[in-house]
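Enquirer: Quick check, what structure comes out for this input:
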Amino acid sequence: GSDGVTPQRKEPMPKDNQPPTNFKDAFAALRYQKELRDKAFQDRFYVARSVSNMELFKQELLVDKQPSKYIYTGHRKSGKTTELYRLMADQELANAYFQVFYSIGDELEIGDIDYIDILLTNAIKLYEAATQAGLKLDKDVLRDLESWLTQVSTEVIRTKGETISRKGEVGAKVNFLIGEVGSAIRTDAGSRNEIRQRLLPRTSEVIEKSNFIAGQIKQLTGKPPLLVIDDLDKLDPEPALKIFHGHTHALMQPEFKIVYTVPIALAYSPAFGQVRTQLGVPKVLPTINSHHRDGSTNPAGQELLKNIILRRMDKSLIQEKALDHMIAISNGVLSDLLSIAETCCIKAIATKAQQIDWNMVDEELDTLKAQFKRSLPEDWYPRLAEIHQKKDSAHDDVLWEMLNALAVLEYEPGPWYDVHPALLPLLKEKKLLK
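Expert: Presented below is the predicted three-dimensional model:
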């Protein structure tokens, strides 16, 4: 997913599918929506992974008729959201399910999320999707929702709601309440807490309401809902663990399929074990590795990573050695790869260079190195050196934090581990590696 820092801008798309031959257009192509939401952009920029775990995931979704819940994970910035969009766009899945996709970051305050907020947002998003699809929900269901939403709303929302004429259609007030409650839990800490206090003792009701809406959707469209919640992996592992740990039962209760995206660090936390027993083995999107475990190059991985760049800039704009270096220093962390290429385009424009050269890329290695130097605890370095040498690690809380910091990356098959390439020069400076 995008890191939420840069506002998403729609870039005009060049007319044909040829990669840009100047740095300005290449920059725009690299910068364009790091996740490819748009079908035309997917066709143009998406590079398929060879053995995709997503294909297996898709088959499981099609075959499994239970309202199962799934945990989906992978490294931050590894292209998880893009793969989810691809999955959602799949025709077989679209025929089988009424799909509802939402990013937790758009609906809630990332720094302050409780499990009850997710259960409530599920109900809100299902309702909104049903209304957008023009489905006419049963009047009794609407009346029930209206009276329930009125009970759990804040005083302010209730007072505002009274102005909506009782003569109006039943749906109008539900629409109003859904909009207001959604906005209150998203933007206002005071209202959020007030609504939570009302909902926490009534968790089963929140689940029941989302089940009512899901039932209506299935009845009216013939398809059960499939709800995909993205960007839970943007949470720090601690708060994410708090949401799942102890509340797994509630998050399993809804009678429709849900995909939860979680931080990869969480999938390995010893404390997450209980969640794994209930939710099953996480679906992991593997990092694309440019090298094998024994250090030899992985031609398929390198080719894939090169294509990700060469779909976005013509090969005349970058020296081959520079492209190889770019791939080596980002080693499968896709957003590092794209942002290094982006910065190099700017440098080329600024220096009126004809091509991106090795030195421009190498300066970015220094930038990454400096970021790690500022942020990593000193006592991690001996352990990082050991992980680099053994390509393996004990599964403990420190590994959990290292994965979260992208200091350690996980690769398939195995899994096996290695440190982020930008750490190698640091480990050598510290005489921990030859």
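Enquirer: For the stretch 51-200 of the chain, give me the ranges with low pLDDT.
Expert: In the predicted model, the stretch 51-200 of the chain carries pLDDT under 70 at residues 51-52, 165-168.
Enquirer: quick one, helices of it?
Expert: Listed in chain order, the helices of the stretch 51-200 of the chain (DSSP state H, counting those that start in this stretch) span 53-63, 80-89, 91-96, 104-107, 115-132, 139-152, 155-162, 170-187, 189-199.
Enquirer: got CSV for the ones you listed, with mean neighbour count and distance to Leu384 too?
Expert: Using the backbone N, CA and C atoms, a C-beta is placed for each residue, glycine as well. Putting the helices of the stretch 51-200 of the chain into CSV (neighbours: other Cβ atoms under 10 Å; distance: least, Cβ to Cβ, whole Å) gives the following:
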stretch, mean neighbour count, distance to Leu384
helix 53-63, 15, 27
helix 80-89, 21, 24
helix 91-96, 12, 40
helix 104-107, 18, 30
helix 115-132, 21, 34
helix 139-152, 16, 48
helix 155-162, 14, 51
helix 170-187, 18, 39
helix 189-199, 16, 38
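Enquirer: Specify the stretch among those helices that is closest to Thr73.
Expert: helix 80-89 (7.6 Å; Cβ to Cβ).
Enquirer: quick one, strands of the chain?
Expert: 69-74, 98-103, 225-230, 257-261, 283-285, 408-411, 416-419 (DSSP state E).
Enquirer: Show me what the first one is packed up against.
Expert: Contacts of strand 69-74 with other secondary structure elements, assessed using 3 or more Cβ pairs under 8 Å, 6 or more residues apart in numbering; DSSP states H and E, are made with helix 80-89, strand 257-261, helix 264-268, helix 273-279, strand 283-285.
Enquirer: quick one, which of the ones you listed is nearest to Tyr97?
Expert: Among these, strand 257-261 sits nearest to Tyr97 (Cβ to Cβ), with 7.2 Å.
Enquirer: The closest one to helix 115-132, inter-axis angle?
Expert: Interaxial angle, strand 257-261 versus helix 115-132 (axes from the mean of the first three to the mean of the last three Cα atoms, to 10 degrees): 120 degrees.
Enquirer: what angle sits between strand 257-261 and strand 98-103?
Expert: Using the same axes, to 10 degrees: strand 257-261 against strand 98-103 is 20 degrees.
Enquirer: before we move on, back to that, quick one: the helices and strands packed on strand 69-74 as TSV, columns for distance to Asn331 too.
Expert: Formatted as TSV, the helices and strands packed on strand 69-74 follow (distance: least, Cβ to Cβ, whole Å):
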stretch	distance to Asn331
helix 80-89	17
strand 257-261	22
helix 264-268	15
helix 273-279	27
strand 283-285	15
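Enquirer: give the contact list for Tyr381.
Expert: Leu426, Leu427, Lys430, Leu432 (Cβ atoms under 8 Å, 6 or more residues apart in numbering).
Enquirer: so which of these is the most crowded?
Expert: The most crowded member of these, judged by other Cβ atoms under 10 Å, is Leu426 (20 neighbours).
Enquirer: just checking, that one touches Ala370?
Expert: No: Leu426 is not in contact with Ala370 according to Cβ atoms under 8 Å; the separation is 9.6 Å.
Enquirer: How about Leu376: what's its closest non-neighbour residue?
Expert: Ala407 (5.9 Å; Cβ to Cβ, 6 or more residues apart in numbering).
Enquirer: Quick one: end-to-end distance for stretch 228-237.
Expert: Its first and final residues considered, stretch 228-237 spans 20 Å by Cα to Cα, to the nearest Å.
Enquirer: what comes up buried for it?
Expert: Val228, Ile229, Asp230, Asp231, Leu232, Asp233, Lys234, Leu235, Pro237 (16 or more other Cβ atoms under 10 Å).
Enquirer: now for these, which pair is the farthest apart?
Expert: Val228 and Pro237 (20.9 Å).
Enquirer: returning to that earlier point: let me know which of the helices of the stretch 51-200 of the chain is the nearest to Thr221.
Expert: Using Cβ to Cβ, the nearest of the helices of the stretch 51-200 of the chain to Thr221 is helix 115-132, at 8.8 Å.
Enquirer: and that closest one, what does it pack onto?
Expert: strand 98-103, helix 104-107, helix 170-187, helix 189-199, helix 203-221, strand 225-230, helix 237-244, helix 248-252.
Enquirer: Could you export that helix as PDB, CA atoms only?
Expert: The C-alpha coordinates for helix 115-132 follow below in PDB (Å, rounded to 0.1, in the frame of the first residue of the first chain):
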ATOM      1  CA  TYR A 115     -12.000  -4.200  17.900                       C
ATOM      2  CA  ILE A 116     -15.500  -2.800  18.300                       C
ATOM      3  CA  ASP A 117     -14.700   0.000  15.800                       C
ATOM      4  CA  ILE A 118     -13.900  -2.600  13.200                       C
ATOM      5  CA  LEU A 119     -17.100  -4.500  13.900                       C
ATOM      6  CA  LEU A 120     -19.200  -1.300  13.600                       C
ATOM      7  CA  THR A 121     -17.300  -0.200  10.500                       C
ATOM      8  CA  ASN A 122     -18.000  -3.600   8.900                       C
ATOM      9  CA  ALA A 123     -21.800  -3.000   9.300                       C
ATOM     10  CA  ILE A 124     -21.500   0.600   8.000                       C
ATOM     11  CA  LYS A 125     -19.500  -0.400   4.900                       C
ATOM     12  CA  LEU A 126     -21.800  -3.300   4.100                       C
ATOM     13  CA  TYR A 127     -24.800  -0.900   4.300                       C
ATOM     14  CA  GLU A 128     -23.100   1.800   2.200                       C
ATOM     15  CA  ALA A 129     -22.100  -0.800  -0.500                       C
ATOM     16  CA  ALA A 130     -25.700  -2.100  -0.600                       C
ATOM     17  CA  THR A 131     -27.100   1.400  -1.000                       C
ATOM     18  CA  GLN A 132     -24.500   2.200  -3.700                       C
END
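Enquirer: distance between that helix and the chain's centre?
Expert: Relative to its chain's centre, helix 115-132 lies at 18 Å (Cα atoms, centre = their mean, to the nearest Å).
Enquirer: Same check on stretch 130-138?
Expert: On Cα atoms, centre = their mean, the centre of stretch 130-138 falls 28 Å from the chain's centre.
Enquirer: and the end-to-end length of that stretch?
Expert: So stretch 130-138: terminal residues 12 Å apart, Cα to Cα.
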